[in-house]
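Chemist: Take this sequence and fold it.
(one chain, ligands or ions: 1)
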Amino acid sequence: MRTAIGVVFLAFFLASSATITQAQTIQEEGEVVVVSVDSTNLRFSPETVTITEGDSVRFFWSGEILAHNAVDKNGLFDSGDASRNVDYTFTFERGTNGSFEYVCEPHEDFGMVGIIIVNAAPNEEMPPIEDNSESESFLPGFSTVIAISSLGFASLFSRIDD
Ligand SMILES: [Cu+2]
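Modeler: Residues are numbered from 1 along each chain as shown. All right, here's what the predicted structure looks like:
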């Protein structure tokens, strides 16, 4: 009987770690919004981007007539030297919510500027709080997995005992 309890606890542990790993994978996924250069060659397209914490902005253009870059005014991101071909992705992590003005350094005076608005991530995507009632609602099906595993192992053991 002691072994059976041990196995149930093992099942509980395995179910917990599998569920937590899945939750972390979901949190790491974010949208990627592409910012390019429009046909005038002196404007970002789109000029204003609204995203959520965890999302990324990909500054991507190639074969442009003029060389461009994208540099945050407060230094959070910088695509490097102006170039006719740029592929630079920046991820706005948690805690970066706010507005970010950036410029193309060679063409700032021509009005080649952009804004990225980063909204705070919704609460349910925050890391799980160490509280059983919270994590139950955050991880639906969690208790079901444990119940099924426990039943499975229990019936396995009663069969062996016979
Ligand atoms: Cu430019």
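Chemist: Domain boundaries for this protein, per the record?
Modeler: The record's domain parsing of the chain by automatic domain parsing lists 2-27+128-161, 31-124.
Chemist: Which of these has the lowest mean pLDDT?
Modeler: The weakest mean pLDDT among the domains of the chain belongs to domain 2-27+128-161, with a mean of 51.
Chemist: what does the protein put close to the ion?
Modeler: Applying C-beta under 5 Å from the ion, we find that the chain lies next to the ion at 68, 104, 107, 112. All C-beta atoms are positioned from the backbone trio N, CA, C, and that covers glycine.
Chemist: Go ahead and confirm the second one touches A70.
Modeler: It stands for C104. Yes. With contacts counted by C-beta atoms under 8 Å, C104 reaches A70, the gap being 6.4 Å.
Chemist: which ones are touching N119?
Modeler: When contacts are counted by C-beta atoms under 8 Å, 6 or more residues apart in numbering, N119 touches 50-53, 97.
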